[in-house]
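Engineer: sequence below, structure please.
(chains A and B)
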Amino acid sequence: MSRAHILGGLGAAGILGLAVTTAWAAGPDLGAVSQQATNWPAIGMFLFFVLFTLGITYKAAQGTKSASDFYAAGGGISAGTNSLAIAGDYMSAASFLGISGLVYTSGFDGLIYSTGFLVGWPIVLFLIAERLRNLGKYTFADVASFRLDQTSIRIISAVGTLVVVAFYLIAQMVGAGKLIQLLFGLPYLYAVVIVGALMIIYVAFGGMKATTWVQVIKACLLLGGASFMAVAVLYKYGFHPESLFAAAVATHPKGDAIMAPGGLVSNPIEAISLGVGLMFGTAGLPHILMRFFTVSDAQAARKSVFYATGLIGYFYILTFIIGFGGIALLMSDPSYFKLGAAGTFDKLKDMVGGTNMVAVNLANAVGGPYFLGFISAVAFATILAVVAGLTLAGASAVSHDLYAQVIARGRTTENAEVRLSKIAAVVIGIVAIYLGYVFENQNVAFMVGLAFSVAASCNFPVLSMSILWRGTTTWGALLGGLVGLVTAVTMVVLSKAVWVTTFGHPAALFPFDNPTLFSMPLAFLTIFVVSKLDNTRRAQRERAAFDAQFVRSETGIGASGAHAH
Amino acid sequence: MSATQAAGTAAASPHAAGVDTPDPRLDRVITNPTFQTLVRERTSFGWILTILMLVVYFGFIGLIAFDKQLLATKVSGTASLGLFMGVGVIVFAFILTGIYVARANTRFDRLSAELARSLAR
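Structural biologist: Take a look at the predicted model:
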């Protein structure tokens, strides 16, 4: 596999035109792409990854007997392993391809996303992680409904979870299909079906154990591959970042402007709203929150966030170096571009495969065709791991929250619940394949942003208020969560990304792309006001029950420990 | 479903206290001075670090929104102040989590162990 090879399929390959919203989306918006020549080294390495992870799934399935095994890997994952799995769940293909592409086109602006995706982690640690571990069992709804009404709070938490999972999954499925078309030369539908089938197998058979190990392997591969690229880039500049920056400024059409904030954030409200969404969305992502139940206690939960923050921060610094490496090493080499009639090309728009392919093309530049194959396989593995985590979170919301607590009202057996969870994983997988197929040619770039907004406006307020504020009542949490969810979705639907781009209306009804600055405070305010007004007997009981919850959340006394069975 | 049942199901442990009939063991914990010290120190420490993170991050975003010129200032040849600040925010976030974990591993865990001992008596 070589550049020329990739070039072959370029004729119709659309320009990806990495818009602002693209890096936003963890599923890279690859626009219209044409199928490439089949990339055998990449497929070979990917097959190796698949076989290896299927082997792990087989082992995990044999060790998965109880509900605790299925949902929380028996609670026996170590802090170090869990931190890698958290990093694996969180570092998506778009962080890797999208942010390095954004750095390539705009320089400094890429850093705005890198910081935003990271700064939620300290908040998770300081306010959520340990208390979550002390209070919960399998899902964050366990925690939110600890002293509140099971039915109402499970429903709002499960709906919040499923909405986040749905939008996140669609973006990932479409991204996977486009990416695989581009990298491996497989048809779009094949790619979507392969991703869907594999995630069903991992989750339905291996549960949390298999999902955890898929995340860990993917995190190691991605961090290893990205480290190699960044070191190779720095090596070419004698490990002087300054020389790299100087070379990038000399090559980039925007020149010195790439070292300063550009047009990405022109509107202060938009900038702050984006920041709020990225920061607090992280603390409300169901598949991330679920990971804290896989460790034995609060100490391990705390350590896993610390290590994960280090790994994720390191990763974002790598993507920044990779983006600058792309500018310095690829921009003046015509073989990476789609050439115009006179052999000319636009450095920012004409990259082979689009600007999201900067990291992939750079892999070829610094490591040759086999390393290109490796990075392509890693990108696919990355998507696969993220969708597996999402599927497990969605399946748990269906079986553990909706079925066991709402429909069966706690009168069910562990086996029946796990069986339902597996069925739910299969259904979610099939729905994801279908949605991936339906949305093939739709603009999905806004969907990950929407997932973060809903997580920040529904899940996070419900969870944090129920843990931290004695006054929270069922009515408050239910209505607040609902208001946050509906406001976030409505504002995005009425924004330019959907109202104008998808529905074709002439003007957006909501002026901002990012709703969180409005929807999240509204959710908190609703929880506060409704809880204050709620003086039903139930509300009084719920406030009185805070002490028991408080003691357990602060001390872990009575918390479910590493589960034996 | 009552809150008592709710706590019971989620907790799956006998500890979750009844609401209508206050658990005497619960009162013992809440009135324990070590418990009160632990909670007070950890809660205020957590909020101080949270506020620090918010100030630093939204300060950075605020500069991007309102003072692009400052961020464009050159520090060492090509690299701009904004670049150092962006990487600085990432490193700062990591250091903050490290500070929290260091304090939790020593001070808060010691208080927790002390609490467990005094409750066992």
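Engineer: where does residue 39 land on pLDDT?
Structural biologist: Unless you meant another one, I'm taking chain A. Residue A:39 carries a pLDDT value of 76.
Engineer: that's the wrong chain, I meant chain B
Structural biologist: On the pLDDT scale, residue B:39 gets 93.
Engineer: any residue of the longest helix belonging to chain B touching chain A?
Structural biologist: Across chain B, the longest stretch assigned as helix under DSSP state H is helix B:33-66. Yes: judged by C-beta under 8 Å from any C-beta of the partner chain, helix B:33-66 comes into contact with chain A at B:35, B:38-39, B:42, B:46-47, B:49-50, B:53, B:57-58, B:60-62, B:64-66. Bear in mind the C-beta positions are built from the backbone N, C-alpha and C, glycine included.
Engineer: check whether the following helix or strand past that helix contacts chain A.
Structural biologist: For helix B:33-66, the following helix or strand on the C-terminal side (DSSP states H and E) is helix B:68-72. Yes: looking at helix B:68-72 against chain A by C-beta under 8 Å from any C-beta, the contacts come from B:68, B:71, B:72.
Engineer: re the thing from before, give me the buried entries from the residues of helix B:33-66 next to chain A.
Structural biologist: B:35, B:38-39, B:42, B:46, B:49-50, B:53, B:57-58, B:60-61, B:64-65 (16 or more other C-beta atoms under 10 Å in any protein chain shown).
Engineer: just these: which has the poorest pLDDT?
Structural biologist: Among these, pLDDT bottoms out at residue B:65, giving 83.
Engineer: turn the buried ones among the residues of helix B:33-66 next to chain A into TSV, including distance to residue A:294.
Structural biologist: Below are these laid out as TSV (distance: C-beta to C-beta, whole Å):
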residue	distance to residue A:294
B:35	28
B:38	25
B:39	26
B:42	23
B:46	23
B:49	25
B:50	25
B:53	25
B:57	28
B:58	32
B:60	33
B:61	33
B:64	37
B:65	39
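Engineer: from those residues, which is closest to residue A:146?
Structural biologist: Using C-beta to C-beta, residue B:39 comes nearest to residue A:146 of these, at 17.3 Å.
Engineer: name the nearest residue to the closest one, sequence neighbours excluded.
Structural biologist: residue A:554 (5.2 Å; C-beta to C-beta, 6 or more residues apart in numbering or on different chains).
Engineer: show me what contacts the most centrally placed residue in chain B?
Structural biologist: Central residue of chain B (C-alpha atoms, centre = their mean): residue B:46, 3.1 Å from the mean position. Counting by C-beta atoms under 8 Å, 6 or more residues apart in numbering or on different chains, residue B:46 makes contact with A:126, A:127, B:100.
Engineer: again, 7 Å this time
Structural biologist: A:126, A:127 (C-beta atoms under 7 Å, 6 or more residues apart in numbering or on different chains).
Engineer: and if you look at the one 10 residues further on?
Structural biologist: Residues counted as contacts of residue B:56 (C-beta under 7 Å, 6+ apart) are B:89, B:92.
Engineer: one more time with 6 Å, if that's ok
Structural biologist: If you count contacts by C-beta atoms under 6 Å, 6 or more residues apart in numbering or on different chains, residue B:56 has them with residue B:92.
Engineer: do you know how far it is from residue B:91?
Structural biologist: 11 Å (C-beta to C-beta, to the nearest Å).
Engineer: same question, residue A:402
Structural biologist: Residue A:402 is 42 Å from residue B:91, by C-beta to C-beta.
Engineer: for the spatially most central residue of chain A, give me its contacts.
Structural biologist: What sits nearest the mean C-alpha location of chain A, by C-alpha atoms, centre = their mean, is residue A:90, with 4.9 Å. When contacts are counted by C-beta under 6 Å, 6+ apart, residue A:90 touches residue A:312.
Engineer: could I get the pLDDT score of the residue of chain B positioned farthest from its centre?
Structural biologist: Distance from the centre of chain B peaks at residue B:77, with 39.0 Å (C-alpha atoms, centre = their mean). The model reports residue B:77 with a pLDDT of 81.
Engineer: got the contact list for it?
Structural biologist: Applying C-beta under 6 Å, 6+ apart to residue B:77 gives the contacts residue A:242.
Engineer: report the mean confidence score over the helix or strand harbouring residue A:376.
Structural biologist: Residue A:376 is part of helix A:358-396 when elements are defined by DSSP H and E. Throughout helix A:358-396, pLDDT has a mean value of 90.
Engineer: what's the following helix or strand after that helix?
Structural biologist: By DSSP H and E, the next helix or strand past helix A:358-396 is helix A:414-438.
Engineer: how about residues contacting that following helix?
Structural biologist: A:67, A:70, A:169-170, A:173-174, A:177, A:192-193, A:196, A:199-200, A:203-204, A:391, A:394-395, A:398-399, A:403-404.
Engineer: ok, now stretch A:283-290?
Structural biologist: Stretch A:283-290 is touched from outside by A:89, A:120, A:123-124, A:128, A:140, A:161, A:164, A:389-390, A:393, A:455-456, A:459-460, with contacts defined as C-beta under 6 Å, 6+ apart.
Engineer: wait, which of these is closest to chain B?
Structural biologist: Checking the contacts of stretch A:283-290 against chain B with C-beta to the nearest C-beta, the nearest one is residue A:123 at 6.0 Å.
Engineer: could you check how many residues crowd around the closest one?
Structural biologist: 24 (other C-beta atoms under 10 Å in any protein chain shown).
Engineer: tell me which residues touch it, please.
Structural biologist: Applying C-beta under 6 Å, 6+ apart, we find residue A:123 in contact with A:283, B:50.
Engineer: can you name the element that comes right after the strand or helix carrying it?
Structural biologist: Secondary structure from DSSP H and E places residue A:123 in helix A:120-123. Later in the chain than helix A:120-123, the nearest helix or strand by DSSP H and E is helix A:130-135.
Engineer: which residues touch the helix or strand just after that next one?
Structural biologist: Using DSSP H and E, the helix or strand that follows helix A:130-135 towards the C-terminus is helix A:140-144. Contact with helix A:140-144 is made by A:132, A:135, A:136, A:153, A:154, A:157, A:289, A:401, A:462, A:463, A:466, B:10, as judged by C-beta under 6 Å, 6+ apart.
Engineer: apart from its chain neighbours, what residue comes closest to residue A:242?
Structural biologist: residue B:77 (5.5 Å).
Engineer: check residue B:81 too.
Structural biologist: Closest to residue B:81 by C-beta to C-beta, 6+ apart is residue B:73, at 4.5 Å.
Engineer: and the one you found, how many neighbours?
Structural biologist: Around residue B:73 there are 11 residues (other C-beta under 10 Å).
Engineer: list phi and psi for it.
Structural biologist: Taking degrees, to the nearest 10, you get phi -50, psi 140 for the backbone angles of residue B:73.
Engineer: go on, the one 3 residues further on?
Structural biologist: The phi/psi pair for residue B:76 (degrees, to the nearest 10) reads phi -140, psi 90.
Engineer: from residue A:532, how far off is it?
Structural biologist: Applying C-beta to C-beta, the value for residue B:76 to residue A:532 is 54 Å.
Engineer: around chain B, which positions in the stretch 351-500 of chain A sit nearby?
Structural biologist: residue A:410 (C-beta under 6 Å from any C-beta of the partner chain).
Engineer: identify each buried residue in stretch B:26-36, please.
Structural biologist: The neighbour-count check on stretch B:26-36 (16+ other C-beta under 10 Å) flags B:26, B:29, B:32, B:34, B:35 as buried.
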